[in-house]
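Novice: Here's a sequence, model it:
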Amino acid sequence: MSSLFKVQENMVEQSEIEALEDRLMRVKGMNNNAMGVEMKRFGNAMAFSVKNIPGPSFNTVKGISDENIGDIDEIIDFYTSREIPARFEVTPAYATEELFRKLSQIGFFQSGFYTSLYRSLASEEKVAADEQPSSIVLEKLAETNFNIFGEIYTNGFGMPTALTDYITANNRVLAKSTNWTFYMARAKGEPAGVGVLFRKNDVATLAASTTIPSYRNNGVHTALIQKRIQQAVDTGCQFIMGQAAFGSASHRNMERAGMKIAYTNTVWTKL
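Specialist: The predicted model follows:
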């Protein structure tokens with residue numbers, strides 16, 4: 001593997017870590033850490049844990065390499081003490097036989113993949129929006145008109161409606177920061193989708209985005225990608241990153257927007 005590719009891959013992975021760390025630090029500050037957020041660094045690896053938000057999105061280890069083989073038992077203890085299953089994300093640049101052997105020996109298996117994409121940006125660039133139907137209108141969501149976010153998010157991701165207020169609150173806290181920008185798409189005047197952009201230094205990350213099922217396949221997701229890329233350009237970012245399930249509609253839409261695969265992670269979970 002060339003050193004250039006490894007540097008490139010490390011930049012993409014670091015942007016993922018920074019976006020998740022920034023999000024969870026802000027959630028941790030809510031109501032005396034009512035969500036139970038804990039983070040711990042092990043060398044270049046970061047273990048994220050949110051006790052009251054079940055699921056893998058916020059309970060995972062990023063940045064792990066064979067340099068962390070001696071840390072793995074301590075990392076597992078970090079999650080066991082919180083009654084949360086450990087989950088490891090391994091990028092190709094840091095995937096070694098020794099690391100995989102260690103994970104296998106302690107009962108972990110490769111349970112999935114996800115893909116990270118990126119592209120460089122030019123300061124004078126204007127993102128093509130000719131694919132956006134005239135019926136789609138995009139608007140920024142400010143803290144004052146944020147209530148709609150949770151409704152669209154839970155609908156788009158097929159989550160229980162009982163989580164709407166909770167999703168809204170945990171994202172509204174991000175809207176107070178200039179690092180985070182939230183967009184809503186309307187189709188024929190009706191709320192249809194949301195997209196989130198995180199920016200730090202000169203790197204932007206396409207964070208969560210979803211479209212209400214009845215409005216899918218109408219260009220809503222593509223319009224949200226284009227809008228966030230243009231925002232990244234306009235605010236001086238030199239790169240933009242994003243994550244998606246390999247081969248998914250989101251993956252294909254990102255590639256149509258000029259993004260390329262940086263790597264496909266392997267995900268390791270307990271048998």
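Novice: How about the secondary structure of residue 114?
Specialist: Judged by DSSP: H, G, I helix; E, B strand; the rest coil, the three-state class of residue 114 is strand.
Novice: oh sorry, the question was meant for residue 186
Specialist: strand.
Novice: Can you verify my assumption that it contacts residue 139?
Specialist: Yes - here residue 186 reaches residue 139: they are 7.2 Å apart, a contact under CB atoms under 8 Å. Placement of C-beta: from N, CA and C, glycine included.
Novice: How far does stretch 239-258 sit from its chain's centre?
Specialist: Distance of stretch 239-258 from the chain centroid (CA atoms, centre = their mean, to the nearest Å) equals 12 Å.
Novice: Now do the strands in the stretch 151-271 of the chain.
Specialist: Counting by DSSP state E, counting those that start in this stretch, the stretch 151-271 of the chain has these strands, from start to end: 180-187, 190-200, 203-211, 239-244, 260-270.
Novice: wait, which of the ones you listed is closest to residue 85?
Specialist: With CB to CB, the closest approach to residue 85 among the strands of the stretch 151-271 of the chain belongs to strand 260-270: 5.7 Å.
Novice: rewinding a little: which stretch among the strands of the stretch 151-271 of the chain comes nearest residue 155?
Specialist: Of the strands of the stretch 151-271 of the chain, nearest to residue 155 by CB to CB is strand 203-211, at 8.0 Å.
Novice: which strands and helices sit next to the closest one?
Specialist: Applying 3 or more CB pairs under 8 Å, 6 or more residues apart in numbering; DSSP states H and E, we find strand 203-211 packed against helix 3-28, helix 147-156, strand 190-200, helix 220-234, strand 239-244.
Novice: center of this protein - which residue?
Specialist: Relative to the mean C-alpha position of the chain, the nearest C-alpha, by CA atoms, centre = their mean, is the one of residue 207, at 4.6 Å.
Novice: hang on, the earlier thing: export the helices and strands packed on strand 203-211 to TSV and tack on distance to residue 119 and mean pLDDT?
Specialist: Formatted as TSV, those follow (distance: least, CB to CB, whole Å; pLDDT from 0 to 100):
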stretch	distance to residue 119	mean pLDDT
helix 3-28	11	84
helix 147-156	24	94
strand 190-200	14	96
helix 220-234	8	96
strand 239-244	6	94
